[in-house]
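Novice: requesting a structural model of the entry that follows:
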Amino acid sequence: MDELTAFTPDVRTRNLIADAADGVRRTSGERIGDLVEAALLRTLTETVGIDQEGRVFIITGDIPAMWLRDSTTQLTPYLRFLDRSPQLADLVEGVVRRQFGFLAHDSYANAFNDGPTGAHYDPDDVCDDPEVWEQKYEVDSLCYPLSLAHTLWRSTGRTAVFDERVHAVLRTIVDQLRAEQHHEESAYRFERDTAIPTETLPRGGRGSAVAHTGMTWSGFRPSDDACTYGYNVPANLFAAQALRDLAEIAREVLDDEVLAADALALSDELRAGVSAHGIIDGPRGEPIYAYEVDGLDGALVMDDANTPSLLSLPLIAPEVIDREIWEATRRVVLSPANPYWFAGTALRGIGSPHTRKGRVWPIALAVEGLVGTPDDRIRLLRMIAETDAGTGHVHESIDVDDPAVFSRPWFSWAESMFCELALQVAAD
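Specialist: Predicted coordinates:
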């Protein structure tokens, strides 16, 4: 961020944030309102930078790279203000432009540098592109920019972002998701010299073996951990939803009926693949969504805190899920049947294999609230606020018995999800 100009909220934006925080104070108390106001301002002023060409770059908090996923989710609580803050609408438009610029550069990468700096998560990675921080292929990296662009357009009517370059990227997204339905024919590889199995892909970087299912393959999860099985079910359902959004843009903005039809056809194929291969018997014999499958009888009963997750499906894929199957899945993933559901004296909820056992993620607690009842939302909002260890920050993961033990002292995505939950409680 040293060579970037920090984003400065204008009076209208600050007033919108202050008013929203006051609504939180009225419903959830002074401290939670103060946490929300501070977090909403901090994300704008400390993660958003603008270069001399006017391009936007958003860091995740304590890592100096821009993730396609995180840069979208960090903006989630601000999307409700787009029709009232031209400055925030400009910001989101700038983020969408930068995201699609990254995808035009490398549609398989998940995180990027602010230009050809040469910074990498691991300097020995196969991908040595100086503009790429990390080239882990994650299906959600294609979906989140689509979702954000669609929301910007529907909220503001803005269409200028959908220029020829973005039009070409939309075609790339459809073609790539379709190509990865047949991953064995793909040229994508990811290998890293590491003793950590979730940081590299087996079989010469191709990942574990898969059969054709109609779903699209992903090398890595939204946690940036390698998939155990190549078809991540929540990512496929998210893609099915995002392709519907893409089709609307193609038809109504770009007048490209061929692209719209291709996107809808692929969306249907992904849904059919999930229905045929991604639904399994749960612990009590009821049909549930698996977390990952391979089409070769391999399946995982679990959920991860990072989204897209099974728990988050009503938020990210509302039009393409089977609600009854999701309800059964929700009961499973919020129970000990999920190996990454943990409970202790301070916290109970979903964690992740990305962090240590016995740690719950506030992102998952926020999602649990957002897909739950008003009472769930209030309870989980207070749980997050009461386990910040007095830091005023929302962390990545927290020990279920000792909130003073946590990972990542500043994680902007988690703070944004906390704010989204608090604003929903205020709106209930």
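
Novice: how about the helices in the protein?
Specialist: 11-28, 30-46, 68-73, 86-105, 140-156, 164-179, 202-205, 233-252, 257-273, 313-316, 323-333, 362-370, 374-386, 412-427 (DSSP state H).

Novice: most tightly surrounded among those helices?
Specialist: Most buried of the helices of the chain by mean neighbour count (mean count of other CB atoms under 10 Å) is helix 362-370; its value is a mean of 27. C-beta: built from backbone N, CA, C; applies to glycine.

Novice: what does that helix rub up against?
Specialist: 305-307, 309, 311-312, 315, 334, 347, 349-352, 376-377, 379-381, 383-384, 387, 394-396, 398, 413-414, 417-418, 420-421, 424-425 (CB atoms under 8 Å, 6 or more residues apart in numbering).

Novice: switch to 6 Å and redo it
Specialist: Identification of contacts with helix 362-370 by CB atoms under 6 Å, 6 or more residues apart in numbering yields 305, 311-312, 349-350, 376-377, 380, 384, 394, 414, 417-418, 421.

Novice: same question for stretch 314-321.
Specialist: Contacts for stretch 314-321 (CB under 6 Å, 6+ apart): 237-238, 240-241, 271, 308, 313, 371.

Novice: OK, contacts around Leu266?
Specialist: Contacts of Leu266 (CB under 6 Å, 6+ apart): 178, 243.

Novice: on that earlier part again, the helices of the chain: which one's closest to Pro339?
Specialist: helix 323-333 (10.2 Å; CB to CB).

Novice: tell me what angle the closest one forms with helix 362-370.
Specialist: Inter-element angle recorded for helix 323-333 and helix 362-370: 140 degrees (by axes from the mean of the first three to the mean of the last three CA atoms, to 10 degrees).

Novice: packing partners for helix 323-333?
Specialist: strand 287-289 (3 or more CB pairs under 6 Å, 6 or more residues apart in numbering; DSSP states H and E).

Novice: can you add distance to Thr194 and pLDDT and give the contacts of stretch 314-321 back as a markdown table?
Specialist: Below are the contacts of stretch 314-321 laid out as a markdown table (distance: CB to CB, whole Å; pLDDT from 0 to 100):
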| residue | distance to Thr194 | pLDDT |
| --- | --- | --- |
| Leu237 | 30 | 99 |
| Phe238 | 28 | 98 |
| Ala240 | 33 | 98 |
| Gln241 | 33 | 98 |
| Arg271 | 35 | 98 |
| Pro308 | 25 | 98 |
| Leu313 | 31 | 98 |
| Val371 | 35 | 98 |
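
Novice: ok, so of these, who is nearest Leu44?
Specialist: Nearest to Leu44 among the contacts of stretch 314-321 is Pro308, at 24.9 Å by CB to CB.

Novice: in stretch 344-355, what counts as buried?
Specialist: 346-355 (16 or more other CB atoms under 10 Å).

Novice: for stretch 209-229, buried residues please.
Specialist: For stretch 209-229, burial by neighbour count (16+ other CB under 10 Å) applies to 210, 213-229.

Novice: any idea how far Val332 lies from Pro283?
Specialist: Counting by CB to CB, to the nearest Å, the separation of Val332 from Pro283 is 6 Å.

Novice: where in this structure is pLDDT low?
Specialist: By pLDDT under 70, the low-scoring segments of the chain are 1-2.

Novice: let's go with 50 and repeat that
Specialist: Applying pLDDT under 50 to the chain flags no residue at all.

Novice: how close does the spatially closest residue to Thr172 that is not a sequence neighbour get to Asp281?
Specialist: Excluding its sequence neighbours, the residue lying closest to Thr172 (CB to CB, 6 or more residues apart in numbering) is Ser107, at 5.3 Å. To Asp281, Ser107 is 36 Å away according to CB to CB.

Novice: repeat that for Leu44.
Specialist: Taking CB to CB, one finds Leu44 at 46 Å from Asp281.

Novice: for Val301, same thing?
Specialist: Val301 is 9 Å from Asp281, by CB to CB.

Novice: out of these two, which sits in the busier spot?
Specialist: Val301 (20 against 12; other CB atoms under 10 Å).

Novice: and the residue nearest to Val210 when sequence neighbours are not counted, how many neighbours does it have?
Specialist: With CB to CB, 6+ apart as the criterion, Val210 has its nearest non-adjacent residue at 4.1 Å, and that residue is Gly230. Neighbourhood size, Gly230 [other CB under 10 Å]: 28.

Novice: please list all residues in contact with Gly230.
Specialist: Here Gly230 is in contact with 207, 210, 217, 294 (CB under 6 Å, 6+ apart).

Novice: if you set the cut-off to 8 Å instead, what comes out?
Specialist: 183, 207-208, 210, 217-219, 292, 294.

Novice: and if you look at Gly219?
Specialist: Counted by CB under 8 Å, 6+ apart, Gly219 has contacts 136-138, 188, 190, 201, 207, 226-227, 230.

Novice: on that earlier part again, wait, the residue nearest to Thr172 touches Leu170, no?
Specialist: No. Counting by CB atoms under 8 Å, Ser107 stays clear of Leu170, with 11.0 Å between them.

Novice: looking at the contacts of helix 362-370, which one is closest to Arg158?
Specialist: Met417 (25.2 Å).

Novice: with the flanking residues excluded, which residue is spatially nearest to that closest one?
Specialist: Ala366 (3.8 Å).
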